[in-house]
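K.L.:
Sequence and predicted structure, then a few things I'm wondering about:
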Amino acid sequence: MEPSFARGDILFLTNFDQDYTPGDIVVYTQGSYEIPIVHRLITVQEIEKDGEAYLLTKGDNNNVDDRGLYDNNLTYLNKKHILGKIRAVAPYVGILTILLNDYPYLKYTVIGGMLIMVLVAKDPQS
């Protein structure tokens, strides 16, 4: 969801019974996608007869809305698809985990360095 968030940012969500408005940034998931998607709400339609809210999302860098990403020819998301609304961000806090997963040699180098430090470290009590 760049430029608002970068890869490696930690997002803090809330998901209590709340109202959504256009412009809110939400995290949603669907049955066929394992990875949650972070996009901005562009349309919120509430139908009074059944009390259901229909939500349409779009990524900030995308030219079109997310209808092409939705499962089973859905045209709108429901509140059951929403994992939460973004409340706070910790920039780049998760980048170390991403680097260690993307570059296995880095992971082995860090583990090897830690092992060497344990083996050569002096006991402070002796």
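P.N.:
Yep, it's here. Residues are numbered from 1 along each chain as shown.
K.L.:
so which helix or strand takes in Asp17?
P.N.:
In the assignment (DSSP states H and E), Asp17 maps to no helix and no strand.
K.L.:
average pLDDT for stretch 73-92?
P.N.:
For stretch 73-92, mean pLDDT is 90.
K.L.:
typed the wrong thing, it's stretch 1-19
P.N.:
For stretch 1-19, mean pLDDT rounds to 87.
K.L.:
Kindly report the same for stretch 119-126.
P.N.:
84.
K.L.:
ok now that stretch, how far from the chain's centre?
P.N.:
Distance of stretch 119-126 from the chain centroid (CA atoms, centre = their mean, to the nearest Å) equals 42 Å.
K.L.:
who's in contact with that stretch?
P.N.:
Identification of contacts with stretch 119-126 by CB atoms under 8 Å, 6 or more residues apart in numbering yields no residue at all. Where you see a C-beta, it was placed from the backbone N, CA and C, and this is true even at glycine.
K.L.:
Make residue 1 into 37 and carry on from there
P.N.:
Yep, numbering from 37; the last one is stretch 155-162 now.
K.L.:
Tell me which residues of it come out buried.
P.N.:
Neighbour counts over stretch 155-162 (16 or more other CB atoms under 10 Å) mark no residue as buried.
K.L.:
quick one: stretch 141-157 to chain centroid distance?
P.N.:
Averaged C-alpha coordinates place stretch 141-157 at 31 Å from its chain's average position (CA atoms, centre = their mean).
K.L.:
Alpha carbons only: can I get it in CSV?
P.N.:
This file holds the C-alpha atoms of stretch 141-157, laid out as CSV (Å, rounded to 0.1, in the frame of the first residue of the first chain):
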residue,chain,number,x,y,z
TYR,A,141,22.5,-16.8,3.7
LEU,A,142,22.0,-13.7,5.9
LYS,A,143,20.0,-15.9,8.3
TYR,A,144,22.8,-18.5,8.5
THR,A,145,25.4,-15.8,8.9
VAL,A,146,23.5,-14.2,11.8
ILE,A,147,23.0,-17.6,13.5
GLY,A,148,26.7,-18.5,12.9
GLY,A,149,27.8,-15.2,14.4
MET,A,150,25.6,-15.8,17.4
LEU,A,151,27.1,-19.3,17.9
ILE,A,152,30.6,-18.0,17.7
MET,A,153,29.8,-15.3,20.2
VAL,A,154,28.4,-17.9,22.6
LEU,A,155,31.5,-20.1,22.2
VAL,A,156,34.1,-17.5,22.8
ALA,A,157,32.3,-15.3,25.4
